Every structure is written in structure tokens, then in C-alpha cells.
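**Q** Here's a sequence, model it:
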Amino acid sequence: MTYVNRHFYVAIMAGGIGSRFWPYSRTDYPKQFLDILNTGKSLLQWTYERFSQFIPRENIFVVTHQHYIGKVQEQLPDVVVDNIVPEPSRKNTAPCIAYISHKIYGQDPKANIICAPADHLIMDATAFTSTCLNALMFVQKNSALVTLGIKPTRPDTGYGYIQFETQQVADNVYPVKTFTEKPNLELARTFIQSGDFLWNAGIFVWNVKTILAALKTYLPEVDELFQQYRSALNTPGEKKAIETIYPQCTNISIDYGIMEKADNVYVIPANFGWSDLGTWASAYENLERDDSGNAIQGKNVMMIDATNCMVRAPHDKLLVLQGLDEFIVVDTNDVLLICRKDNEQAIKEYVAEVKRNKGEKYL
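**A** Got it, this is the predicted structure:
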């Protein structure tokens, strides 16, 4: 471990269902538990390993849906059992962060917390550690809500963007001007050319008192629910309290609920080989490709006059694909998806359509 500070914490958010990776990612086994890139470890395992290099083991929390508690324990046997925090329902990131912030405050009012998704790809763990420590040390001394911004390499329309002031307030820490949700291609190109926009990585860092003050100011109705039951947190009554709180919580992201409204928001521009691995095309970009540009996961896939495709199939199944260009092909035991790569953002809609027409059997 490179650095230990007993007031440094991480909350790994691992409750999503990864519907854009359907049909490989399913409700009962979503993408954070899968080895999307054939590395021998799941995305969750890689995330835990990165943070365990500089956060004390007893300060690593995993917030997940209650159905996934067993999977987290199975994949992360080193995590303290009480640090696997179950949510009774999915209410987006703001209630999740409110829950873990109130819980950690009850254990350590001096806590400085990183809140990070479980399913991102980060290639340069050393640069990531350095950026996180810089952020933690900044929020320890300042009443600041910090987000990590990634230096963009292309005008991507799948990411949110952060515009920042050019005058830094501390080493590589800049005030945030604006947040922009996924822009169209023309706007994304303008952002890239301007040089003062970053991709929003969705990784947040703050002191526990700072985030609780922000919750009280900008999401008072959510904060009041947790305040009301705070004495039950970290006791045997916690589960019952959370089951009372969650149905009353607004379904809202921390970005909309707080980050876009607060006046003490800062960004640290970073470059640690990041991808949110949100889609099959992002997996394609990070996989080895053959001479025809095909990324193939499956031992018995034959490509004939096929180029630039993303293919995933069971190893014991023969797939013969002819004449395809720029397609995603995902074959599982009970579902076959064939979709143009440039239409992959619609996979989420296809999943909703499947649910409407076929029920939940294939989800």
C-alpha cells in the first residue's frame, strides 16, 4: 500500500444493471460482476484492487442492490462484511451517496470520501492513485466538492462534459464553470477545440461534512429522511430504517441534484486511461482486434469478408459471420443480438422493448 490515512474512505457504487451491455449483462448478473475485457477479473474486482492500494481495507465500502450482496461477497472476500451496504431499490446516485455519507459520518466525522462507480476501466493505476490522493488532500483542507475530469481524446457524444476555469486554486485543481449532459457531435467538437472542457468521469471526492451540508442545501427532502433515521445507522435497526427511507427518496443523480447547483465545485483534470465501459463500442475500443478490425470473444467464431465488428459468443458455439461491417453480435444461451455499431446507444431501448413484449425472462 502506497499511502494510508485512516480518514480516507471509498464508496464503490455497484448497484446498476448495465443494460447497454445486454444480453451479456443481465439483471441477475450485471456488468460490474463480469469480465468484459477477458482480463481474468471482473470490473468490480479491478476497482476494489485499485482502491486497496491507498485506502485502508476497513474503509472500503461497496454500495449495491440487496440482490447482489452474495455476488459482492463472493468476488471480494477481503471486504469487511459490514462494509457491503445493501440498497432495497435503485434510486440513482444521490440517495446512494446520501446513505453512505450519513453512515460513514456516524463512524468518522472527519472522513474524506471518494464515491466511484464499480464498472469503469482505468489503465494507469499509478496515475489514478496520484490523482485520487491529490483530491483527498485538497478536500481534507477545503470545503469543496471535487469531480475528476478526463482530458478528452475525441468528440464523444456518449459522455457528459465539464467546463472549467483556467486559473487553478491549488495544484491541478480548478473551479467548475458548467456541466453539459451528452452533447450532439457538433457541440462536442466545439468543446474539444476550446480546450477548457473535460469528460465527466462520475468519480467524486469530498469531506463528509461538505457533502452532508450540500445535501441539506440542495436536496433537503432526501437529507431530512436520513437525518430522521440517522441514529439507526450502524446499528441492527439500519436495514429497517433504510427500507422506510428509500421508497420516499427522489430518483435523482448527484450531478443534477447537487453538482450542477453548488458553488463550491472543483475539477481535477486527469489522464489515467479511463473509459466508463458503458457500451459494446467502448469494449471494442479496448479489446485486441484482428487484421480486419474485428474484436472477437469466442473460440469458434469464423469471420468471412467481415470487418470492424464486435463479436461475443460462447466458446463451445460455432458462429459463421459473412459480409458484416461495423456490427455488434452478442450470442448467449437464450438471446442473440445483432445491431449496427453506430446504433448501439439504442440497445437500452431494445431492452425496454423486450420487457414490454416478452416480459422479464430475457432480461
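
**Q** in the stretch 1-150 of the chain, which spans are strands?
**A** Using DSSP state E, counting those that start in this stretch, the strands of the stretch 1-150 of the chain run over residues 8-13, 60-65, 84-87, 112-117, 121-122, 145-150.

**Q** Which of the ones you listed sits closest to residue 187?
**A** The minimum distance between residue 187 and the strands of the stretch 1-150 of the chain falls on strand 145-150, with 17.0 Å, by CB to CB. C-betas here are computed from N, CA, C, even on glycine.

**Q** which helices and strands does the closest one pack with?
**A** helix 125-141, strand 161-164, strand 197-207, helix 208-218, strand 265-270 (3 or more CB pairs under 8 Å, 6 or more residues apart in numbering; DSSP states H and E).

**Q** domain parsing for this structure?
**A** 8-275, 280-358 (automatic domain parsing).

**Q** Tell me which of these sits most buried.
**A** Counting by mean count of other CB atoms under 10 Å, domain 8-275 has the highest mean neighbour count of the domains of the chain, with a mean of 19.

**Q** Quick one: end-to-end distance for that domain.
**A** The first residue of domain 8-275 is 24 Å away from its last residue (CA to CA, to the nearest Å).

**Q** Help me confirm that residue 94 comes into contact with residue 261.
**A** No - here residue 94 lies out of contact with residue 261, judged by CB atoms under 8 Å, at a distance of 11.6 Å.

**Q** and the helix or strand of the chain with the lowest mean pLDDT, what other elements does it pack with?
**A** Of all the helices and strands that make up the chain, helix 185-194 has the lowest average by mean pLDDT, DSSP states H and E, namely a mean of 86. If you count contacts as 3+ CB pairs under 8 Å, 6+ apart, helix 185-194 packs onto strand 161-164.

**Q** Check which helices and strands the strand it packs on is in contact with.
**A** Strand 161-164 packs on strand 145-150, strand 174-180, helix 185-194, strand 197-207, strand 265-270, going by 3+ CB pairs under 8 Å, 6+ apart.

**Q** Turn the ones you listed into JSON lines, columns for distance to residue 121.
**A** Formatted as JSON lines, the helices and strands packed on strand 161-164 follow (distance: least, CB to CB, whole Å):
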{"stretch": "strand 145-150", "distance to residue 121": "12"}
{"stretch": "strand 174-180", "distance to residue 121": "22"}
{"stretch": "helix 185-194", "distance to residue 121": "21"}
{"stretch": "strand 197-207", "distance to residue 121": "11"}
{"stretch": "strand 265-270", "distance to residue 121": "14"}
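
**Q** mind checking which of the ones you listed is nearest residue 23?
**A** Closest among the helices and strands packed on strand 161-164, once you apply CB to CB, is strand 197-207, at 24.5 Å.

**Q** angle of that closest one against strand 265-270?
**A** Going by axes from the mean of the first three to the mean of the last three CA atoms, to 10 degrees, strand 197-207 is angled at 120 degrees with respect to strand 265-270.

**Q** Strand 197-207 pairs with which strands, parallel or anti?
**A** strand 112-117 (antiparallel), strand 145-150 (antiparallel), strand 161-164 (antiparallel) (DSSP bridges).

**Q** Any stretches of the stretch 151-300 of the chain with poor pLDDT?
**A** Within the stretch 151-300 of the chain, no stretch has pLDDT under 70.

**Q** chain center to stretch 231-238: distance?
**A** Taking CA atoms, centre = their mean, to the nearest Å, one finds stretch 231-238 lying 27 Å from the centre of the chain it belongs to.

**Q** so how far is residue 65 from residue 47?
**A** According to CB to CB, to the nearest Å, residue 47 and residue 65 sit 16 Å apart.

**Q** Likewise for residue 82?
**A** Noted for residue 82: a distance of 17 Å to residue 65, by CB to CB.

**Q** re the thing from before, can you say which of the helices and strands packed on strand 145-150 is nearest to residue 25?
**A** Of all the helices and strands packed on strand 145-150, strand 197-207 comes closest under CB to CB, at 17.8 Å.

**Q** send the alpha carbons of that closest one over as PDB?
**A** Output in PDB follows, covering the C-alpha atoms of strand 197-207 (Å, rounded to 0.1, in the frame of the first residue of the first chain):
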ATOM      1  CA  PHE A 197     -13.800  21.000 -21.400                       C
ATOM      2  CA  LEU A 198     -13.300  17.600 -19.800                       C
ATOM      3  CA  TRP A 199     -15.200  14.400 -19.800                       C
ATOM      4  CA  ASN A 200     -17.200  13.800 -16.600                       C
ATOM      5  CA  ALA A 201     -15.900  10.600 -15.100                       C
ATOM      6  CA  GLY A 202     -18.600  10.400 -12.500                       C
ATOM      7  CA  ILE A 203     -15.900  10.000  -9.700                       C
ATOM      8  CA  PHE A 204     -16.500  12.400  -6.800                       C
ATOM      9  CA  VAL A 205     -14.300  13.300  -3.800                       C
ATOM     10  CA  TRP A 206     -15.300  15.300  -0.700                       C
ATOM     11  CA  ASN A 207     -15.100  15.600   3.000                       C
END
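
**Q** before we move on, the earlier item: the helices and strands packed on strand 145-150: which one's closest to residue 9?
**A** For residue 9, the closest of the helices and strands packed on strand 145-150 is helix 208-218, at 8.1 Å, according to CB to CB.
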